[in-house]
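Engineer: predicted model follows, preceded by the sequence.
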Amino acid sequence: MGYEVEAPKYVRLAQTLQGRIEDGTYPPGTRVPSENQLVQAFGMSRPTVVRALELLKRDGWLESRQGYGTIVRGRPAGAEERERRGRDVLTRDESQTAGRLVQVGEVAVPVRVASALGLPKRAKALMRCLLVEEDGEAVELVSSYFPAGLVDGTDLASAEVLESGTRTHLETRKKVRFDHVTERVSARLPDATERELLDLPDGVPVLSVLVIACDASGQALQVSDVLLPADRQELEDTYRLN
């Protein structure tokens, strides 16, 4: 079994603060808590807090105003473009996707997926595993898990490809409504099966994007683990220096 590399503390803090900006806890135009307040509230060191705030400023969520402190700017322009991965997973038409279904069936759910679905350890759920290819090369391995209560009355358990995205399929068949997505990115070494499917040399890690799609109440409707070969990924961001 592969292992995961947990995100640094300052990244996790930045993600928490970003979530509070998005849910309105810190509205645009208001000041975020001071460094001292954040140190006390989260039990983290001052350097960790400073790095988290600098990361959010760099990405456009916050800005510093002399004599006034750190101000919330709100959701930055272009954020939608950076968050296509989750939408792609939910809307991808399997019948129009280059690649193949690797596995469909009930499996023991990985711990991090079980946690996202609100299931106990070693619980089982339906999984659809899709290998996505471009120009004959494997580029993604997507394992999507669904709560048992959503499977009945759908074609999710069929070994045939869906002629729509899973979001459309579930919203049509089960009358549920997808509301928001949370993405968690980590890095780990693939297991033997994942390494073979993605055609990876020994020792090459994968990026794991855990896509948690929920309804308005926060109940997870689908959790997808998107594996990307780390040696074929490049993250790029351009920003101005103050």
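Structural biologist: Nice, I can see it. Note that the structure is predicted; figures quoted are calculated from it, not measured. Numbering: from 1, shown residues only.
Engineer: run a quick neighbour tally on residue 133.
Structural biologist: 13 (other CB atoms under 10 Å). (C-beta placed from N, C-alpha, C; glycine too.)
Engineer: show me the beta-bridge partners of it.
Structural biologist: Beta bridges link residue 133 to residue 138, judged by DSSP bridges.
Engineer: so it touches residue 139, yeah?
Structural biologist: Yes. Under the criterion of CB atoms under 8 Å, residue 133 makes contact with residue 139 at 6.4 Å.
Engineer: for residue 51, give me its contacts.
Structural biologist: Going by CB atoms under 8 Å, 6 or more residues apart in numbering, residue 51 touches residue 10.
Engineer: how close does it sit to residue 21?
Structural biologist: As judged by CB to CB, to the nearest Å, residue 51 and residue 21 stand 17 Å apart.
Engineer: model confidence score at the residue nearest to residue 215 when sequence neighbours are not counted, please.
Structural biologist: Closest residue in space to residue 215, ignoring its immediate chain neighbours: residue 179 at 5.2 Å, by CB to CB, 6 or more residues apart in numbering. Residue 179 carries a pLDDT value of 86.
Engineer: next, the contact list for residue 179, please.
Structural biologist: With CB under 8 Å, 6+ apart, residue 179 has these contacts: 214-216.
Engineer: what's the neighbour count on the nearest residue to residue 165 once chain neighbours are set aside?
Structural biologist: Nearest residue to residue 165, sequence neighbours excluded (CB to CB, 6+ apart): residue 91, at 3.9 Å. Neighbours of residue 91 under the rule other CB under 10 Å: 13.
Engineer: residues contacting the most centrally placed residue in the chain?
Structural biologist: For the chain, residue 183 is the residue whose C-alpha lies nearest the centre (CA atoms, centre = their mean; 1.8 Å). Contacts were defined as CB under 8 Å, 6+ apart; by that measure residue 183 touches 83, 85-86, 209-212.
Engineer: off-centre distance for the strand or helix carrying it?
Structural biologist: In this assignment (DSSP states H and E), residue 183 forms part of strand 180-188. Taking CA atoms, centre = their mean, to the nearest Å, one finds strand 180-188 lying 3 Å from the centre of the chain it belongs to.
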